[in-house]
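Chemist: Based on what follows, work out the 3D shape:
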Amino acid sequence: MKRFLPLLAAALFALAGCYTNPVTGRQSLVLVQPSQELALGAQSFQAIRQQEKVSTDAKMNERVKRVGERIAAAVGSEMPNAQWEFVVFDSPEVNAFALPGGKVGVYSGLLKLATTDDELAIVMGHEIGHVVARHGAERMSEQMVIDGLGALGDAYAQNHYSPQTVQLFETAYGGATTVGRVLPHSRANESEADHMGVVFAAQAGYDPRAAITFWKKMSELKTTKPGLLDKFLSTHPADAQRIADLQALMPQVVPIYEAKRKNT
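Modeler: The predicted model follows:
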């Protein structure tokens, strides 16, 4: 069977077409329909809200909503049918996530580290970048090919999604309910989300250079308080190469930010 997988993948790519990233232009095989992503995103977000403690801190919630709405405006038509929702979870963890449909969660521990709105915009832009790029759907599709498309058939055949399909979705997207079974994003996915995140932040009027300061903070915290970063760093490694790659993007994105500031 393994020797036929490349042929199967090629056939599926031709049949299903490909998804083209609106920011980077990269093409990828995606077998999951956007409507499926939206439904699974809403289902998963509801489960997370039931399991995690939602913060009642008015200032934190207002800050996340304010920054999030500006990022959402920058994303615009790249996330059609999104029903944006921004929630702060009361936890010391330095963590954040985004799900299809515009469902965004930020942990209070991250807000204490991202001391400026520019840094917060970098994190939220990065997480939303993963969703716009459909990285989770891409990973689901890869697993579906390996599993013989069983999960995809299940999703189409039922009016609701089976636990197996939901688990595959949560594992692919790395939501808060997937502790212990989250698949790390590939280096390529991480770099792409970094690229998209600084573009979205700049388009929203936030200084993309904050990406450098934020990831330097993350790198330092990794050595001093690694326990607070376990979940986030399991899927988002902080290292010198990442910072160097972000620095290389600055000549492209800083002018976007400066132009936005002049026009506002």
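Chemist: Only C-alpha atoms from now on, for both contacts and neighbour counts.
Modeler: Will do.
Chemist: Flag the shaky bits of the stretch 101-250 of the chain, pLDDT-wise.
Modeler: Confidence mapping of the stretch 101-250 of the chain against pLDDT under 70 gives the ranges 145-185, 226-238.
Chemist: All the strands of it, in order from the start?
Modeler: 103-107 (DSSP state E, counting those that start in this stretch).
Chemist: now the helices: where do they sit in it?
Modeler: Under the criterion DSSP state H, counting those that start in this stretch, the stretch 101-250 of the chain contains helices at 108-113, 117-132, 135-146, 150-157, 163-173, 187-203, 210-224, 230-235, 240-262.
Chemist: Can you get me a residue count around Ser108?
Modeler: Neighbourhood size, Ser108 [other CA atoms under 10 Å]: 23.
Chemist: err, Gln50, not the other one
Modeler: Here the number of neighbours of Gln50 (other CA under 10 Å) works out to 10.
Chemist: ok, the nearest residue to Val54 once chain neighbours are set aside - how many residues close by?
Modeler: Using CA to CA, 6 or more residues apart in numbering and skipping residues adjacent in sequence, the residue nearest Val54 is Phe89, 4.5 Å away. The local packing of Phe89 (other CA under 10 Å) involves 24 other residues.
Chemist: Can you give me the distance of Phe89 to Thr224?
Modeler: Using CA to CA, to the nearest Å, one gets 23 Å for the distance from Phe89 to Thr224.
Chemist: so who does Pro100 touch?
Modeler: Pro100 makes contacts with Glu37, Leu38, Leu40, Gly41, Ala42, Ala82, Val131, as judged by CA atoms under 8 Å, 6 or more residues apart in numbering.
Chemist: The fourth one and Leu99 touch, don't they?
Modeler: If I follow you right, that is Gly41. Yes: checked against CA atoms under 8 Å, the pair Gly41 and Leu99 is within contact range at 5.3 Å.
Chemist: Which residue of these two possesses the greater neighbour count?
Modeler: Counting neighbours by other CA under 10 Å for Gly41 and for Leu99 shows that Leu99 has the greater number, 27 against 23.
Chemist: Tell me the backbone dihedrals of that one, please.
Modeler: Taking degrees, to the nearest 10, you get phi -120, psi 160 for the backbone angles of Leu99.
Chemist: so it bridges to which residues?
Modeler: Counting by DSSP bridges, Leu99 forms beta bridges with Lys103.
Chemist: ok, it touching Ala133?
Modeler: No: at 11.6 Å, Leu99 and Ala133 do not qualify as touching, with contact defined as CA under 8 Å.
Chemist: Same list, the helices of the stretch 101-250 of the chain, but as CSV with distance to Thr20 please.
Modeler: CSV is the format used below for the helices of the stretch 101-250 of the chain (distance: least, CA to CA, whole Å):
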stretch, distance to Thr20
helix 108-113, 31
helix 117-132, 10
helix 135-146, 11
helix 150-157, 21
helix 163-173, 19
helix 187-203, 13
helix 210-224, 25
helix 230-235, 23
helix 240-262, 20
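Chemist: who touches Pro80 in this structure?
Modeler: Shown here is Pro80, which makes no contacts under the criterion CA under 8 Å, 6+ apart.
Chemist: Can you tell me which of the contacts of Pro100 end up in helices?
Modeler: Using DSSP state H, the members of these that fall in helices are Glu37, Leu38, Leu40, Gly41, Ala42, Val131.
Chemist: With respect to Gln51, which of these is nearest?
Modeler: Using CA to CA, Ala42 is the member of the ones in helices among the contacts of Pro100 that sits closest to Gln51, with 14.4 Å.
Chemist: With Lys103 as the reference, measure out to the closest one.
Modeler: 7 Å.
Chemist: So for these two, which residue has more residues nearby?
Modeler: Neighbours around Ala42 and Lys103, counted as other CA under 10 Å, are more numerous at Lys103. The numbers are 22 against 17.
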